[in-house]
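>>> Structure, please.
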Amino acid sequence: MNDLNYALIGKRIRKIRLAKGMTQEYLAEAADINASHICNIENRGAKMSLPTLNKICHALGVTIDYIISDSESAREGAYERTLILEVQKLDPNMKDRLLKIVQALE
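Take a look at the predicted model:
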């Protein structure tokens, strides 16, 4: 098994954080992690523990496998699982609204 590519993991975390409009400070607070550690993870590929990665993923609303996967197809599957988890959290009215939006996009 290959070692984890922490530099790539850090880049993915940064990309997702920015796409969600989060600052490093906001992510750090949401994940209960020191902001300087978030900076080191994103910019220097610092290693992190599994509990830390789990906190970051939870704060970003993504799965761990989406962050650490090496293959594009595995990340796509993880993305779909993350999307399903988010939709499951919605109340029935919001699910109906989301369905109408998706159908309008087709």
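
>>> Angles on the backbone of the spatially most central residue of the chain, please.
Note on the chain: the residue nearest the mean C-alpha position is Val62, at 3.3 Å, using C-alpha atoms, centre = their mean. Here is the backbone geometry of Val62 (degrees, to the nearest 10): phi -130, psi 160.

>>> out of everything not next to it in sequence, what's closest to it?
Of all residues not flanking Val62 in the chain, Thr82 sits nearest, at 5.1 Å (C-beta to C-beta, 6 or more residues apart in numbering). C-betas here are computed from N, CA, C, even on glycine.

>>> looking only at pLDDT, what's the mean for the helix or strand hosting the one you found?
Here Thr82 is covered by helix 72-88, with elements defined by DSSP states H and E. Averaged across helix 72-88, the pLDDT comes to 74.

>>> mind checking how far Tyr26 is from Leu85?
21 Å (C-beta to C-beta, to the nearest Å).

>>> Quick one, grab the pLDDT at the residue nearest to the centre of the chain.
The model reports Val62 with a pLDDT of 86.

>>> For Asp96, see how far away it is.
To Asp96, Val62 is 25 Å away according to C-beta to C-beta.

>>> coming back round to it: between Tyr26 and Leu85, tell me which one has more neighbours.
Between Tyr26 and Leu85, Tyr26 has the larger neighbour count (other C-beta atoms under 10 Å), namely 15 against 12.

>>> Quick check: which element contains that one?
helix 24-31.

>>> so Phe41 makes contact with Cys57?
Check again: residue 41 is Ile, not Phe. No - if you go by C-beta atoms under 8 Å, Ile41 and Cys57 don't touch, sitting 11.9 Å apart.

>>> more crowded one of these two?
When Ile41 and Cys57 are compared on other C-beta under 10 Å, the one with more neighbours turns out to be Ile41, at 25 against 20.

>>> Look up how far Val87 lies from the residue lying closest to the more buried one once chain neighbours are set aside.
Closest residue to Ile41 apart from its sequence neighbours, by C-beta to C-beta, 6+ apart: Gly10 at 4.8 Å. When C-beta to C-beta is the yardstick, Gly10 and Val87 sit 28 Å from each other.
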